[in-house]
Structures are given as C-alpha cells and as structure tokens.
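Undergrad: Need coordinates for the below:
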Amino acid sequence: MGHRSGSTIILRRAPNPSAATSTRPVITHLRTTGTTDTEPAPRFGDIARRRARLLRITLTFAVWSLAAPLAVGSFWLLSALGPRDPVRRARRVQRATGRGFRFMHDVLRVLGILDFDARGALPAIPAGPCVVVANHPTRVDISSITAALGGGCTVVKPELYRLRLLRAIMLGAWHIEGSGADPLDTGRVVNAAVERLRHGLPVIIFPEGTRSPPSGLLPFGRTAFEIACRARVPVVSIGVRCDPPWLTKERRLFDPPQPTPRVRLHLLATDEPAGVNFDSRALRKCVEARFGRWMDGAPDCPESVPRHAVADKDPQ
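TA: Next comes the predicted model:
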C-alpha cells in the first residue's frame, strides 16, 4: 500500500479470512482517497460521543440478553401452536419475525446505535414469490431485509438451524437448513427452496455464502440462480450498504465507529430467468456483473464505491 499527499491511489486486496483453507478468489479494487500518512488526532467531542454510544450498546445488549428467553419462548409458542398447515404457519411466524426485526431496528435507530428504517426501504419490491439475492457486508443484513420485506424463508447454516433453542422457530418459519460443507447436499437445498416458492413464499439468499470482504464481493455461487430457474420466478437483487462499516468480520459489536452507522438497501434490478433461457450460469453472471457495476458506481446503479475486478472462477 502506498501513500502520497493530497489525492492518493491505494491498491488493496480485500482480505479473505478463510484464505488458509480456501482458494476462492477475492475482489481487488482501486480506491481514490485524500488521506495522508498523518491522521489527525480524534477530537474530545468524537471520543465522548463514541463512548456514549458504546454505553448504550452495552446496556441494550444486556437488556436484550435478559429478554431473549421470553422472545424465543413467544416465537416457539407461535410455531408450535399455530395452524397445522405448514404454509399458513410459516406465513404467520414470518410476519411476526418481520415485525420483531422492525421493532429491533426502530429501537436501535432511536437510541442512535444504528440508523435503519424498514418503512419504505424497498418501495418497489415486486409482488409474489421471488429469489432475493444480496451482498452481505454486516451481521444485520438478514434482519434489515426481513424487516423491509415483512418476512421470508432463508437458508440457515446447519450449526444454527440445529440449535435446540431455535429448532421450533426454524421449522415454524419454514427456513431451509443449508448444505454446509457437503456439496452433494445442495440438491436438497434447491428442492426445498423451490417448494417454498411454489407456495408463494419469497426466499432470501446471500450468494457469496458468507459475509462480504471490506468494500468488495466474493464470487457468487450458483445455488440461488438454479433455484430461480427451476421455480421459474424472478431474481430480485438488493444492494446492502453500511456506512461507516460496522458489525463486519473486521469491526465487532463493541467497536462502534463514529458517526452513527447508516444501513441502506438499494433495489438494483429484477431479472427473469426466461431472459437467459433458464440458464442458471448465465443468470448468475448477469446478476453478479450488475452488483459489480453497483460497486463501481455505474450510472445505472445508485451511489459509488471503488472499482473492482473479480477473478475468473466458476464456483458451484
């Protein structure tokens, strides 16, 4: 990394935490910035505001930790005592989940911890079943999207899906257990997602498979696009941005930035599988390229972040 006074060009490779065990290529990008080698010392007011926010985060986390058993119990009862029809039960649990996440984000916004308002966050989302794909920069991406959509099925990591405390909720909301490290189990995930879509439920998937690297993307997997092609439903692309970054792999809960982080959702496009003759590879390429243009700040995409390039690879 090199620095120069005034306008500076920094060449940086987005880190991949699993580089020791994975060969997946990571995005590289160029960033133009005006920083110099000497960073100004933080002002007293900034330090005081950051410490006040850290205190609010700590107190909020403590209260929610105490209230968590009551919340989980309520959702467990809603799942266990709801309608026997799995679709009706799923809709009921998902609506409650959406309202719960909306309330959570309202509290965080009022307390000045995280700025996100689910109301009107996705005003032009298409009606009916669809596969929602998004980048995954923070830990609150799924709660933000679910709050904005009002519910949805998602693919959950096996270790979380199998937790005894959450098992009834996962089954009640009709979420899908992920394939984990077994690639042969991907077919089960695809079939389960297609079943949800055929009953009119949206499915939310992060095609990178894990959280995104700083200011970049990992190559997209093909599962989400295979699901859309088989179910013959549109793919809705949602860009997620948190500025300044927080709740990433690099910036933890008790390391809040200054000023207050703002989470925003951007509806990038809706793609019909018929437009690529139901070819999941072509559909993935189209959607991934659009996310790339959004990251580049192309004229047909909102806002701007640095240029990037994805290495040529075809993850499954």
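
Undergrad: which SS class is L267?
TA: With DSSP: H, G, I helix; E, B strand; the rest coil as the basis, L267 sits in strand.

Undergrad: mind listing the helices for the stretch 51-200 of the chain?
TA: Secondary structure of the stretch 51-200 of the chain, counting by DSSP state H, counting those that start in this stretch: helices at 86-110, 141-149, 158-161, 167-172, 186-198.

Undergrad: elements contacting the fourth one?
TA: Which is helix 167-172. If you count contacts as 3 or more CB pairs under 8 Å, 6 or more residues apart in numbering; DSSP states H and E, helix 167-172 packs onto helix 44-80, helix 86-110. Placement of C-beta: from N, CA and C, glycine included.

Undergrad: Need the pLDDT of C286.
TA: For C286, the model assigns a pLDDT of 96.

Undergrad: ok now do it, which residues does it touch?
TA: Residues in contact with C286 (CB atoms under 8 Å, 6 or more residues apart in numbering) are 271, 276.

Undergrad: now with 10 Å?
TA: Counting by CB atoms under 10 Å, 6 or more residues apart in numbering, C286 touches 225, 235, 237, 269, 271, 275-276, 279.

Undergrad: what's the neighbour count on L55?
TA: Neighbours of L55 under the rule other CB atoms under 10 Å: 10.

Undergrad: Quick check: it vs A62, distance?
TA: Separation of L55 from A62 (CB to CB, to the nearest Å) stands at 11 Å.

Undergrad: ditto for L78
TA: L78 sits 25 Å away from A62, taking CB to CB as the criterion.

Undergrad: More neighbours: these two, which one.
TA: Neighbour totals were compared for L78 and A62, and L78 leads with 19 against 10 (other CB under 10 Å).

Undergrad: List the contacts of that one.
TA: Residues counted as contacts of L78 (CB under 10 Å, 6+ apart) are 89, 92-93, 95-97, 168-169, 172-173.

Undergrad: Most neighbours of all those residues, which one?
TA: Among the contacts of L78, the one with the most neighbours (other CB under 10 Å) is A173, at 28 neighbours.
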